[in-house]
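1. Build me a model:
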Amino acid sequence: MLEFEENLGTHHGYMGFGYYSSTLSYINLFVISDGYPWAYDAVDAPQGIGDGFTMYECSGSIGHSSTYVMFHELPMTSGQSGSPLWRQGAGSSGAIAFGVMQGEMTDSNDNPLDNLALRIDPSLYNLMLTFR
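-> Numbers count the residues shown, from 1 in each chain. Here you go, the predicted structure:
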């Protein structure tokens, strides 16, 4: 964690974050993730993707959600874990993060199934407020 002498959020703003109380609210929710992947392996990847210095944005929908995890098929690779999973808020409320990219779930033969994101729930929401 980085620690600064002054509160950067006061001068530059914060990314919003929130949660839905029902896991059903996440089904088919359109979300976006931005990150700095190290190695993006898609054939049609734009120039510069995968160097760890270029921001990459991907989007898609949540397939289903449990109490702590959201399952999605957004393309992700090394370097994107920890990136926010967000959507545009209503009106002028800006971006609101609902989860944090986590990784890939595989079967016993290491075949990819779903990608996972940690779901922001009430306890994580309150913890994040204390560090804001």
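
2. Could you look up the SS state of Gly99?
-> Put simply, Gly99 is strand when judged by DSSP: H, G, I helix; E, B strand; the rest coil.

3. Model confidence score at it, please.
-> Confidence at Gly99, expressed as pLDDT, is 93.

4. What residues of stretch 76-96 count as buried?
-> Judged by neighbour count using 16 or more other C-beta atoms under 10 Å, the buried positions of stretch 76-96 are Met76, Thr77, Gly79, Gln80, Ser81, Ser83, Pro84, Leu85, Trp86, Arg87, Ile96. Where you see a C-beta, it was placed from the backbone N, CA and C, and this is true even at glycine.

5. surely the third one meets Gly35?
-> Looking back up the chat, that one is Gly79. Yes: the pair Gly79 / Gly35 is scored as a contact, 6.2 Å apart, by C-beta atoms under 8 Å.

6. Tell me which helix or strand the residue nearest in space to the middle of the chain sits in.
-> Taking C-alpha atoms, centre = their mean, the centroid of the chain lies closest to Leu85, which sits 2.4 Å from it. With elements taken from DSSP states H and E, the one containing Leu85 is strand 84-88.

7. so where is this protein shaky, pLDDT-wise?
-> Residues of the chain meeting the criterion pLDDT under 70: 1, 38-52, 77-78, 91-93.

8. Look up how far His64 lies from Ala97.
-> For Ala97, the distance to His64 equals 19 Å [C-beta to C-beta, to the nearest Å].

9. more crowded one of the two?
-> Taking other C-beta atoms under 10 Å, Ala97 and His64 do not tie; Ala97 has more neighbours (21 against 14).

10. So in terms of bridging, what pairs with the more buried one?
-> Phe17, Trp86 (DSSP bridges).

11. Was I right to think it contacts Ser83?
-> No: between Ala97 and Ser83 there is no contact under C-beta under 8 Å: 9.4 Å.
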